[in-house]
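*Asks:* no sequence for this one, just the structure:
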Ligand SMILES: [Zn+2]
């Protein structure tokens, strides 16, 4: 058992912090990558010393949560989200095929949300809404809800407002105040929970703004998936140091329970075909010694379609690398 690491990381207390397990607070862990993990997604826009930093990914010996033990301080994390961060791109900027796939996905999500929404509420909050892309898609799909977006990045909120979306800058601590008297029926969080420095605290704060029986519905990468094992370092969802916790269905359920929430479902997702496509392209770029820009390659949409059959098999017989989850506030 290890309580200290012999990692060759930069000893820069101004930039890095070390945390114990965010779920059970244990400081007992196993190093998953003893040499540390570099940032493979932002080296083009990062400057030294950030560019050469390695980060410590560990598995908690007490509860199995996989987390970034040595990670950027939240005051410094902005540098890693600078530049052309792929998540900021609107679906309309990603070409006709991607736009069509996004609209199909939005229609199927709308059906899920209509089933999950507690009776008496029609309000959806997209927590971590970015530039409002998802809300825009849901409106196009005909969502009969009051849709509100929140994000911590002011420029993104300004972009969302330009699309006519009600949106405000907020983190978990000022969400209640920004919503005023309104309660939310369903919080949507798409690929957000893995970025949170304190996920249980956020789940509790989100629960505070939900009606009784309200839902937190989202998606996150699954580290216990066949393509994670298959691609190894080229698996696209490491996204270190932006992903601070990488969940399995089991550890995700433990986080929900720790926040006082009931698990409605945690299940495989066909959207994992996007991870196959990105991982294939990333692996190819790494072999060629080139930088890979997520989701940007001209073949990306074609590879998503080509990856659908194996993702469908994985969905039925194994574990996909995206998992959809829904948690319910008790009461
Ligand atoms: Zn733990």
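*Replies:* Everything's here; your move. Just so it is clear, the model here is predicted, and its values are computed rather than measured.
*Asks:* Going along the chain, name the helices of the chain.
*Replies:* Counting by DSSP state H, the chain has helices at residues 96-116, 133-140, 154-162, 175-179, 199-209, 226-231, 249-258, 273-287, 300-317.
*Asks:* Pull the distance from the second one to the chain's centre.
*Replies:* Chain-centre distance of helix 133-140: 18 Å, with C-alpha atoms, centre = their mean, to the nearest Å.
*Asks:* Give the buried residues for that helix.
*Replies:* Across helix 133-140, burial judged by 16 or more other C-beta atoms under 10 Å covers 133, 134, 135, 136, 137, 138, 139. C-betas here are computed from N, CA, C, even on glycine.
*Asks:* what's the closest of the residues you listed to the ion?
*Replies:* Taking C-beta to the ion as the measure, residue 134 is the one of those closest to the ion, at 31.1 Å.
*Asks:* returning to what we had before: how about the helices of the chain in TSV, adding mean pLDDT and distance to residue 82?
*Replies:* Below are the helices of the chain laid out as TSV (pLDDT from 0 to 100; distance: least, C-beta to C-beta, whole Å):
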stretch	mean pLDDT	distance to residue 82
helix 96-116	88	24
helix 133-140	93	19
helix 154-162	93	11
helix 175-179	95	25
helix 199-209	97	23
helix 226-231	93	26
helix 249-258	98	29
helix 273-287	92	20
helix 300-317	92	22
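*Asks:* Residue 82 is in contact with residue 45, correct?
*Replies:* Yes. Assessed by C-beta atoms under 8 Å, residue 45 is found in contact with residue 82 at 5.7 Å.
*Asks:* Same drill for these two, tell me which one is more crowded.
*Replies:* More neighbours surround residue 45 than the other of residue 45 and residue 82, with 15 against 12 (other C-beta atoms under 10 Å).
*Asks:* Phi, psi for the more buried one please.
*Replies:* As for residue 45, its main-chain torsions (degrees, to the nearest 10) stand at phi -100, psi -10.
*Asks:* And the one 4 residues further on, by the same measure?
*Replies:* Note on residue 49: backbone dihedrals following degrees, to the nearest 10 are phi -90, psi 0.
*Asks:* Around residue 98, how many other residues sit close by?
*Replies:* Residue 98 has 18 nearby residues by other C-beta under 10 Å.
*Asks:* so can I have JSON lines of the helices of the chain showing distance to residue 24?
*Replies:* Shown next, in JSON lines, are these (distance: least, C-beta to C-beta, whole Å):
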{"stretch": "helix 96-116", "distance to residue 24": "29"}
{"stretch": "helix 133-140", "distance to residue 24": "32"}
{"stretch": "helix 154-162", "distance to residue 24": "33"}
{"stretch": "helix 175-179", "distance to residue 24": "26"}
{"stretch": "helix 199-209", "distance to residue 24": "10"}
{"stretch": "helix 226-231", "distance to residue 24": "23"}
{"stretch": "helix 249-258", "distance to residue 24": "8"}
{"stretch": "helix 273-287", "distance to residue 24": "28"}
{"stretch": "helix 300-317", "distance to residue 24": "30"}
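*Asks:* Please report the distance of the residue nearest to residue 206 when sequence neighbours are not counted from residue 327.
*Replies:* Closest residue to residue 206 apart from its sequence neighbours, by C-beta to C-beta, 6 or more residues apart in numbering: residue 187 at 5.0 Å. Per C-beta to C-beta, to the nearest Å, residue 187 is found 9 Å from residue 327.
*Asks:* Can you work out which residues contact both of the two?
*Replies:* 215, 216 (C-beta atoms under 8 Å, 6 or more residues apart in numbering).
*Asks:* all strands for the stretch 1-150 of the chain, in order.
*Replies:* 16-18, 29-31, 37-38, 54-60, 66-72, 123-127, 146-151 (DSSP state E, counting those that start in this stretch).
*Asks:* Can you give me the distance of the residue at minimal distance from the centre of the chain to residue 117?
*Replies:* Closest to where the C-alpha atoms of the chain average out (C-alpha atoms, centre = their mean) is residue 191, at 2.2 Å. Counting by C-beta to C-beta, the gap from residue 191 to residue 117 is 21 Å.
*Asks:* just residue 201 next, same as before
*Replies:* Counting by C-beta to C-beta, the gap from residue 201 to residue 117 is 25 Å.
*Asks:* When these two are compared, which one has more neighbours?
*Replies:* Neighbour totals were compared for residue 201 and residue 117, and residue 117 leads with 21 against 14 (other C-beta under 10 Å).
*Asks:* The more buried one and residue 188 touch, don't they?
*Replies:* No. Counting by C-beta under 8 Å, residue 117 stays clear of residue 188, with 11.0 Å between them.
*Asks:* Give the residues shared as contacts by those two.
*Replies:* In contact with both residue 117 and residue 188: residue 124, using C-beta under 8 Å, 6+ apart.
*Asks:* what's the residue nearest to residue 206 in contact with, if anything?
*Replies:* If you count contacts by C-beta under 8 Å, 6+ apart, then residue 187 has 124, 125, 126, 127, 206, 209, 210, 214, 215, 216, 217, 218 around it.
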